[in-house]
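Asker: Predicted model and sequence follow; I will ask about them next.
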Amino acid sequence: MPDTHPPASSAAGNPATAAGDPAGVIETRALTKVYPGKTPVTALDSLTVSVAPGVTGLVGANGAGKSTLIKILLGLIPPTKGQAQVLGHDTTAEGERIRTLLGYMPEHDCLPPDVTATELVTHLGRMSGLPPTVAKERAAESLRHVGLHEERYRLIGTYSTGMKQRVKLAQALVGDPRLLLLDEPTNGLDPAGRNAMLELIARIGSEFGISIVVASHLLGEIERICDHLVAIEAGRLLRADSITSFTQASEVLAVEVEEGLAQLAEELARHGLAATLRQRTLLVPLDGDETYDTVRDCVATLKLPLSRLEQRRHQVEELFRDENEGAVNA
Amino acid sequence: MPEQAAGVIHDLGYRSYDGPRLGRAQIVRALTLHSFRSAWGIGRGVKAKIVPILAFIVMCLPGFVNAFAVNRGNARLFGYDVYTPQLRVLVVTIFLAAQAPELVSRDLRSRVLPLYFSRPLRRGDYPLAKYIALTAALLILIEIPLLILYVGTIASAKNSHGVWEETRALIPGLGLGVLWAVLMAAIALVLASFTGRRAYATGIVAITCFLLWTLSELLINAEGGLTATTTAARIVGVFSPFTVIDGVRIWLGGTNQGLDPTNLGHFGPLYGVVAVVMLAASLGGLAARYRKASQA
């Protein structure tokens, strides 16, 4: 392997910036994918993005083009226009080479129920090009890294969803990849399982020194573990930036009152809070605990029936809609 | 953050791997071997071994019966080019109906294919490995009984001339066995790869093989049986892969009574063409099936 692991520390604070950065693990230039048909579907539309080493979140609503991008990066489908490079290799010409350097965890169920985790991961290690004994060793290690111990000798069909997700992650790790592509890794997990999975991914990124791209439609979830975020919508790049600049904009309080929304908005404005009305909810930028107090006081002053006051978990499309309107982000 | 869930992850440090990696050809070979083993139920549970092993034993029985008979002074019981024609159709159909889904439908059912396609394989490599594996499994099923027939016969041969005669008769039989394996593996795989539901896949393979064969047999009988010399009787064999293979055998000079009328008239080459078309269509269908699967 000529490639070396990028030291994890160098990744921190290195924003996913303009194309042409030679250190980028993924570089796309005007990447376009149109699925032909009676009504052609544009899945990716002139997407130019550069992903730096480290943990990067790829966020977008369902259908934003995340899966299409992943398939192109894996070299499985050719782009209609433009080009993409993964770890310095062109996806169209060097798909095989790229796939020796990549680990991929699909979104959906992909595990046969009637084999043990050890058998499956060993076999898939062989399919990644590992010699037989190495495949066995690395399968055992990968399964241990994801937290499967004696259970690994059980049939996968007897596993919980959380354990299955771990096996999917282990099979992506077994070939010692330089880059992991994880597609919705917390799919189907309960809150505790989600946390454990996210922590595991963060550990792999920081301690194993493997670059990771995590695709998700839940910004609130992956923002905790990412160094950078790439947001796409309808196949276009919305924004690529470091996580800090993203989250500053995403902290809002959602306030719902059963009546007097307009009054409340005025009152809040008087206290210096620029609230945005979204359907029947007021979104107030959150600057700390004082914001809660101000909102409480305003509601109390107007004697309005408060029905909801919560910190919003932003879905990315909402975040950008807000930003375009320029109301929430002062 | 829940302590419990995080706590189960051992901190033993990650080790990267800088040793040699196998090339694509070696990966395909590994997948072929893995699939060949599953075709015989090796590395799977006891239940997975029942059908292939039983099929193999049943297929070998006539060979042992022959050895016994020859030892008692009889002539060899079956021709190497036909063996026991109906039994072979039956056993090969059952073997394929059980094992072709084992090779392809399981992976479709559990949607494991993306895990293969995200590895350093090309999209044709997966079906190629499966095809080679099933062909090899069929070769074992078909050729070993022929070798038993051969060994059982020459064990009682009186002189080296007898051995030579047997060997000369055996070789075309082995060649036809290759045709059986190559063609039937392709047909069974493409049929099984249409569905991830194993029971359906088994049904599709079994029904296609049996129905087409029964159809051919019925039509031949309607035309007057294996001794008929009507044009219709001579060409109805093209409907079923088994009778197509038998037609090729007769075209190439086989004289033993098999599945088709032994006198095909001018229609021998037709069987050759149909065999090639069936093989090409099956392999083309298989490639197309997995080209689609690799992009889904």
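Answerer: Ah, there it is. Here the structure is a predicted model, which means the values were calculated and not measured.

Asker: where do the helices sit along chain B?
Answerer: For chain B, the helices defined by DSSP state H occupy B:3-7, B:24-39, B:46-71, B:85-109, B:113-117, B:125-154, B:160-192, B:198-222, B:231-235, B:241-251, B:268-295.

Asker: Check whether the fourth one comes near chain A.
Answerer: Yes: under the criterion of C-beta under 8 Å from any C-beta of the partner chain, helix B:85-109 makes contact with chain A via B:Arg106, B:Asp107, B:Arg109. C-betas here are computed from N, CA, C, even on glycine.

Asker: Show me what from the stretch 151-300 of chain A comes close to chain B.
Answerer: A:162, A:171, A:175-176, A:192-193, A:195-196, A:199-200, A:203-204, A:207-210.

Asker: Would you indicate which residues of stretch A:83-90 are buried?
Answerer: A:Gln83, A:Ala84, A:Gln85, A:Val86, A:Leu87, A:His89 (16 or more other C-beta atoms under 10 Å in any protein chain shown).

Asker: dump the residue contacts of A:Ala139.
Answerer: A:Thr118, A:Val121, A:Thr122, A:Gly125, A:Ala170, A:Val174 (C-beta atoms under 8 Å, 6 or more residues apart in numbering or on different chains).

Asker: how much distance is there from whichever strand or helix holds A:Asn195 to the middle of the chain?
Answerer: If you go by DSSP states H and E, A:Asn195 is part of helix A:191-207. Helix A:191-207 sits 12 Å away from the centroid of its parent chain (C-alpha atoms, centre = their mean, to the nearest Å).

Asker: And whichever helix or strand comes after it, what does it pack against?
Answerer: Downstream of helix A:191-207, the next assigned helix or strand under DSSP H and E is strand A:211-216. Packing partners of strand A:211-216 (3 or more C-beta pairs under 8 Å, 6 or more residues apart in numbering or on different chains; DSSP states H and E): strand A:55-59, helix A:66-73, strand A:179-183, helix A:191-207.

Asker: Name the residues that touch strand A:211-216?
Answerer: Against strand A:211-216 from outside (C-beta under 8 Å, 6+ apart): A:6, A:11, A:25-26, A:51, A:53-60, A:66-67, A:70, A:107, A:178-186, A:201, A:204-205, A:222, A:225-226.

Asker: Now which of these would you call buried?
Answerer: Buried members of the contacts of strand A:211-216, scored by 16+ other C-beta under 10 Å, are A:6, A:11, A:25-26, A:51, A:53-60, A:66-67, A:70, A:107, A:178-186, A:201, A:204-205, A:222, A:225-226.

Asker: Can you give me the neighbour number for the residue in the stretch 151-300 of chain A that chain B sits nearest to?
Answerer: Among the residues of the stretch 151-300 of chain A, A:Ala196 lies closest to chain B, at 3.3 Å counting by C-beta to the nearest C-beta. For A:Ala196, the neighbour count with other C-beta atoms under 10 Å in any protein chain shown is 26.

Asker: check which helix or strand covers A:Leu253.
Answerer: Using DSSP H and E, A:Leu253 maps to strand A:252-257.

Asker: Pull that strand out as CSV, backbone CA atoms only.
Answerer: Only the C-alpha atoms of strand A:252-257 are listed here, as CSV (Å, rounded to 0.1, in the frame of the first residue of the first chain):
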residue,chain,number,x,y,z
VAL,A,252,-32.8,27.9,17.2
LEU,A,253,-35.7,27.8,19.6
ALA,A,254,-39.0,26.7,18.3
VAL,A,255,-41.9,28.5,20.1
GLU,A,256,-45.5,27.6,19.6
VAL,A,257,-48.4,29.5,21.2
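
Asker: Which strands or helices does the helix or strand just after that strand pack on?
Answerer: Where DSSP H and E defines the elements, the next helix or strand beyond strand A:252-257 is helix A:261-270. Applying 3+ C-beta pairs under 8 Å, 6+ apart, one finds that helix A:261-270 contacts strand A:281-285, helix A:289-302.

Asker: which of those sits most buried?
Answerer: Greatest average neighbour count among these goes to strand A:281-285 (a mean of 22), per mean count of other C-beta atoms under 10 Å in any protein chain shown.

Asker: what does that strand rub up against?
Answerer: Against strand A:281-285 from outside (C-beta under 8 Å, 6+ apart): A:251-257, A:261, A:264-265, A:268, A:273-277, A:291, A:295, A:308, A:312, A:322, A:328-330.

Asker: Write the PyMOL selection for whichever of those are buried.
Answerer: Buried residues within these, by 16+ other C-beta under 10 Å, are selected in PyMOL with:
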select buried, chain A and resi 251+252+253+254+255+256+257+261+264+265+268+273+275+276+291+295+312+322+328+329
